[in-house]
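Student: I'll drop the sequence and a predicted model, then ask my questions.
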Amino acid sequence: SFVAGAEKDQREAALAQARIQQHERNLQNLAERRTRLETQLQSLANLEEEQAQLEDISLEQQAVQERLLQLETNEESLREQRTEKQEEQKQLRQRLNQQTSQFQQQQGRLASLQALQQAELEGQDAELDAWLKNQGLTSWSRLGEVLEIEAGWEKAVEVALANSLAALLSEVPLDKNLTQRLASLPVGNLLVYQQASTIINNLPTDSLLNKIRNPNKLPASLAQQLANIKTATNLAEALIQQQNLSGVISLITAQGEQVFADGMLLQAATAQTTGMLARQQEIRRLEEQQSLLEEALNELEFKEASCL
């Protein structure tokens, strides 16, 4: 019975040992499973982190693509602007060349007219020119240089004033001192008028004086002379009115044909369209155009420089 009891105890001990071993194996399995789960959990955490990183990279990539697209758009816009500027510069250069050519041509024309006008107003006497310079009279204006005349009536005024157009306009009073100063005139004759400063009101509308735009520049005696000359549309009209003329009153056409109470002055067809005052008007017009052209050239040169 002792043996039987011992054997029972041994069996129970073996069974207990087996159970212990089973539990240990179960614990080991659970530990391994826990390790695997922890590893899997760590992998999942890493995966989520990587997923977040991938999302960040994707967003950055999208931003880079958008930036790239914007840069391409900007580059295209810059190319278009560059093309436009090149075209604008080309057009500016063409305009600049055209206006430069026009300026040079007009400058040549102006220089020729000025030389011709100076020769006609001042003459070509070297001795007289030197004397005028020594007397300090070269700064005095000539009457033909200062008069402004209604377009189309230059020839009539030139005929009426004749040699007075070359007269000097004195900047000082015509007194004894000036007379003594000019007494040493070496050759020819010298016509001098006191520079006018009076304002003429109530101009006769039918007189040649009314064709002067700046009558205050006329010496008083010449203003009265032009006031005594009536204007006529043509020679036929002037001849019809001739019977009504008397004394110093006369009639004149725009072409310079003048009718007196007892005579007339005719103009050849070629002489009707040429003259000193018409030339002076053209000189004044060209000088104004040259001034405007010079401003335009400066502006075009500035714009062209801005396109570079």
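Tutor: Cool, got the structure. Residues are numbered from 1 along each chain as shown.
Student: following the longest helix along the chain, which helix or strand shows up next?
Tutor: Ranked by residue count, the top helix of the chain under DSSP state H comes out as helix 2-122. Counting by DSSP states H and E, the next helix or strand C-terminal to helix 2-122 is helix 126-134.
Student: quick one: distance of that next one to the chain centre.
Tutor: Relative to its parent chain, helix 126-134 has a centroid offset of 42 Å by C-alpha atoms, centre = their mean, to the nearest Å.
Student: same check on stretch 99-107?
Tutor: 15 Å.
Student: list the buried residues of that stretch.
Tutor: Neighbour counts over stretch 99-107 (16 or more other C-beta atoms under 10 Å) mark 103, 106 as buried. Bear in mind the C-beta positions are built from the backbone N, C-alpha and C, glycine included.
Student: low-confidence ranges, this structure, go.
Tutor: Under the criterion pLDDT under 70, the flagged ranges of the chain are 1-6, 9, 121-125, 197-201, 270-274, 307-308.
Student: show me what contacts Pro186?
Tutor: Going by C-beta atoms under 8 Å, 6 or more residues apart in numbering, Pro186 touches 127-128, 131.
Student: of those residues, just the buried ones, ChimeraX syntax please.
Tutor: Filtering these down to the buried ones (16+ other C-beta under 10 Å) takes a single ChimeraX command:
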select :128,131
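Student: can you put the contacts of Pro186 in CSV and add distance to Glu295?
Tutor: Converted to CSV, those look like this (distance: C-beta to C-beta, whole Å):
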residue, distance to Glu295
Glu127, 42
Leu128, 38
Trp131, 40
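Student: between the contacts of Pro186, which sits nearest Leu251?
Tutor: Minimum distance to Leu251 across these is 36.0 Å, recorded for Leu128 (C-beta to C-beta).
Student: what about the closest residue in space to Thr100 that isn't next to it in sequence, distance to Thr233?
Tutor: Of all residues not flanking Thr100 in the chain, Leu297 sits nearest, at 6.5 Å (C-beta to C-beta, 6 or more residues apart in numbering). In this view, Leu297 and Thr233 are 43 Å apart by C-beta to C-beta, to the nearest Å.
Student: what of Ala119?
Tutor: 34 Å.
Student: what of Glu120?
Tutor: For Glu120, the distance to Thr233 - C-beta to C-beta - is 29 Å.
Student: before we move on, what about Pro219?
Tutor: Using C-beta to C-beta, Pro219 is found at 28 Å from Thr233.
Student: so those two - more neighbours on which side?
Tutor: Shown here are Pro219 and Thr233; by other C-beta atoms under 10 Å, Pro219 has more neighbours (19 against 9).
Student: list the contacts for the residue lying closest to that one once chain neighbours are set aside?
Tutor: Nearest non-adjacent residue to Pro219, counting by C-beta to C-beta, 6+ apart: Tyr193, 4.0 Å away. Residues counted as contacts of Tyr193 (C-beta under 8 Å, 6+ apart) are 143, 164, 167-170, 219, 221-222.
Student: for Tyr193, pull up the helix or strand it's in.
Tutor: Using DSSP H and E, Tyr193 maps to strand 192-194.
Student: so how far is that strand off the chain centroid?
Tutor: Mean-position distance between strand 192-194 and its chain equals 41 Å (C-alpha atoms, centre = their mean).
Student: burial count for Glu257?
Tutor: Using other C-beta under 10 Å, Glu257 is surrounded by 21 other residues.
Student: how about it: what's its closest non-neighbour residue?
Tutor: For Glu257, ignoring the flanking residues on the chain, the nearest one in space by C-beta to C-beta, 6+ apart is Leu235 at 4.8 Å.
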